[in-house]
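**Student:** need the 3D shape of this:
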Amino acid sequence: QNACATQAILSILFNCPRLDIGEELTKIKESTKELDSRTKGLSLGHFNLIRDAHNSFARPEPIILSGRKATAKDDVFHFISYLPIDGVLYEIDGLKSGPISFGPCTDEEFVKKVTPIIQKRIESYSQNEIKFNLMALVKNRKEHYNEILQDLEKKKTNLLLSLAGQHSLDGME
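**Tutor:** Coordinates of the predicted model:
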């Protein structure tokens, strides 16, 4: 029930090859990779890891009305993923039969290229019609800044070695 956010997050996790998703998610990814999007979405609820994680965040529903369609009074949220996969920007929407390509896109170009696409989608709805929430899966900030710090330390060391070499040459003259 209402697993759209879970499926959107899994779409991102399963399509980021540089991301270590762990042994259990890797097994799930491998066992569902040949399925069409609808079957894949339906099958995800059969994995305890995903079901338990999803249910731990799901809001409690006091009454479940199966077969009832959402009305304008219901809080209905739909989640869509945008990500660059193998040099192409894709929209992954669980309600569509497959990914939609928006053309070439590198990781570095991603934010610049996806911004107008998301803005256009938001503008296509009236102001009072739908609520929007933008989420991003980003690298752990501490790891990111530690990498930058390590790079700066290497540059500092190289610069100091270079300066030390110049001073010793200057002293010989």
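**Student:** tell me which element residue 158 is part of?
**Tutor:** helix 141-172 (DSSP states H and E).
**Student:** now residue 17
**Tutor:** With DSSP H and E as criterion, residue 17 is part of no helix or strand.
**Student:** from residue 97, how far out is it?
**Tutor:** Per C-beta to C-beta, to the nearest Å, residue 17 is found 23 Å from residue 97. For the C-beta atoms, the positions are set from N, CA and C on the backbone; glycine is no exception.
**Student:** let me see the contact set for the closest residue to residue 47 other than its chain neighbours.
**Tutor:** Spatial nearest neighbour of residue 47, excluding adjacent residues (C-beta to C-beta, 6 or more residues apart in numbering): residue 28 at 5.3 Å. When contacts are counted by C-beta atoms under 8 Å, 6 or more residues apart in numbering, residue 28 touches 44, 47, 49-50.
**Student:** from residue 154, how far off is residue 28?
**Tutor:** 38 Å.
**Student:** list the buried ones in the helix or strand in which the residue nearest to residue 47 is found?
**Tutor:** Assigned by DSSP H and E, residue 28 belongs to helix 22-32. By neighbour count on 16 or more other C-beta atoms under 10 Å, the buried set for helix 22-32 is 25, 28, 32.
**Student:** could you dump the residues you listed to a markdown table with pLDDT and distance to residue 124?
**Tutor:** As requested, the buried residues of helix 22-32 are exported to a markdown table (pLDDT from 0 to 100; distance: C-beta to C-beta, whole Å):
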| residue | pLDDT | distance to residue 124 |
| --- | --- | --- |
| 25 | 90 | 33 |
| 28 | 89 | 33 |
| 32 | 88 | 31 |
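**Student:** of these, closest to residue 143?
**Tutor:** residue 25 (19.1 Å; C-beta to C-beta).
**Student:** for that closest one, give its distance to residue 146.
**Tutor:** From residue 25 over to residue 146 (counting by C-beta to C-beta), the distance is 24 Å.
**Student:** next one: phi and psi at residue 139?
**Tutor:** For residue 139, the backbone dihedrals (degrees, to the nearest 10) come out as phi -60, psi 150.
**Student:** tell me how far the residue nearest to residue 47 lies from residue 53.
**Tutor:** Taken as C-beta to C-beta, the span from residue 28 to residue 53 is 11 Å.
**Student:** likewise residue 138?
**Tutor:** From residue 138 to residue 53 the distance is 19 Å (C-beta to C-beta).
**Student:** who's more crowded, those two?
**Tutor:** Ranked by neighbour count (other C-beta atoms under 10 Å), residue 138 and residue 53 place residue 53 first, with 15 against 7.
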